[in-house]
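Student: below are the sequence and a predicted model for it; my questions follow.
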Amino acid sequence: MKLNDLRDNPGATKKRQRVGRGPGSGKGKTGGRGIKGQKSRSGVAINGYEGGQMPLYQRLPKRGFNKPNRKAFAVVNLGLIQKFIDDGKIDVKSEITEDALVASGLVRRKKDGVRILAKGDFTAKAKIAVTGASKSAIAAVEKAGGALTVTTVSAAE
């Protein structure tokens, strides 16, 4: 096989229809747009337009609310932290901070802070300092003999 032997499979590519190139082409003059009307003109974008009738997306009821200033946390489970400790990627002797979690590769970016949840087993005696944690996560770390300090008030689960 040489580079000059490379070809697409037969039928894989199709030549583009050139519109408005004379009557012999079958797509000449109006170019397949028909005669007159909004769609025959240029600069038309009428997605969702229903001819003056109230569009479907406006007729349907809207529910809920999106808080514009909500906090987005990077969520980490205790089981994953334990796995990284077992693999030697996180050092238990020093305090486990958000920066340490990012450096180990467990968290990609901190966002508005790191929040720890209690999924998985946690056995290491570690000191953890993060922005948020669930009550059950705090209890699980203290049960293992460690300490989990939360820097903000988002300790409610």
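Tutor: Here it is on my side, so go on.
Student: okay, CA-based contacts and neighbour counts for the rest of this
Tutor: Will do.
Student: stretch 85-103: how far from the chain's middle?
Tutor: Remark: stretch 85-103 is offset 26 Å from the chain centroid, using C-alpha atoms, centre = their mean, to the nearest Å.
Student: quick one: end-to-end length of that stretch, please.
Tutor: 13 Å (C-alpha to C-alpha, to the nearest Å).
Student: now the strands for the chain?
Tutor: 74-77, 114-117, 127-130, 132-133, 147-150 (DSSP state E).
Student: which among these is found nearest to Lys14?
Tutor: strand 74-77 (46.7 Å; C-alpha to C-alpha).
Student: point out the other helices and strands that the closest one packs with.
Tutor: Strand 74-77 sits against strand 114-117, with contacts defined as 3 or more C-alpha pairs under 8 Å, 6 or more residues apart in numbering; DSSP states H and E.
Student: contacting residues around the strand it packs on?
Tutor: Here strand 114-117 makes contact (C-alpha atoms under 8 Å, 6 or more residues apart in numbering) with 73-78, 98, 130-134, 136-137.
Student: again, but for stretch 92-101
Tutor: Contacts of stretch 92-101 (C-alpha under 8 Å, 6+ apart): 85, 90, 107, 110, 113-114, 124-130.
Student: straight-line length of it, end to end?
Tutor: With C-alpha to C-alpha, one end of stretch 92-101 sits 12 Å from the other.
Student: cool, and stretch 14-29?
Tutor: Termini of stretch 14-29 sit 23 Å apart (C-alpha to C-alpha).
Student: give the rounded mean pLDDT of it.
Tutor: For stretch 14-29, mean pLDDT is 92.
Student: may I see the buried residues of it?
Tutor: Lys27 (16 or more other C-alpha atoms under 10 Å).
Student: just how off-centre is stretch 117-135 within its chain?
Tutor: For stretch 117-135, the distance to the chain centre is 25 Å (C-alpha atoms, centre = their mean).
Student: wait, what's in contact with Lys39?
Tutor: Arg33.
Student: helices of the chain, start to end?
Tutor: 56-59, 78-86, 98-104, 135-143 (DSSP state H).
Student: next, format the contacts of stretch 92-101 as CSV and append neighbour count, pLDDT and distance to Asn4.
Tutor: Output for the contacts of stretch 92-101, formatted as CSV (neighbours: other C-alpha atoms under 10 Å; pLDDT from 0 to 100; distance: C-alpha to C-alpha, whole Å):
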residue, neighbour count, pLDDT, distance to Asn4
Ile85, 17, 89, 54
Ile90, 21, 87, 53
Val107, 17, 91, 47
Lys110, 17, 87, 50
Gly113, 17, 92, 55
Val114, 25, 92, 54
Ala124, 16, 86, 61
Lys125, 15, 88, 64
Ala126, 22, 88, 62
Lys127, 18, 90, 63
Ile128, 20, 91, 61
Ala129, 19, 92, 61
Val130, 19, 92, 59
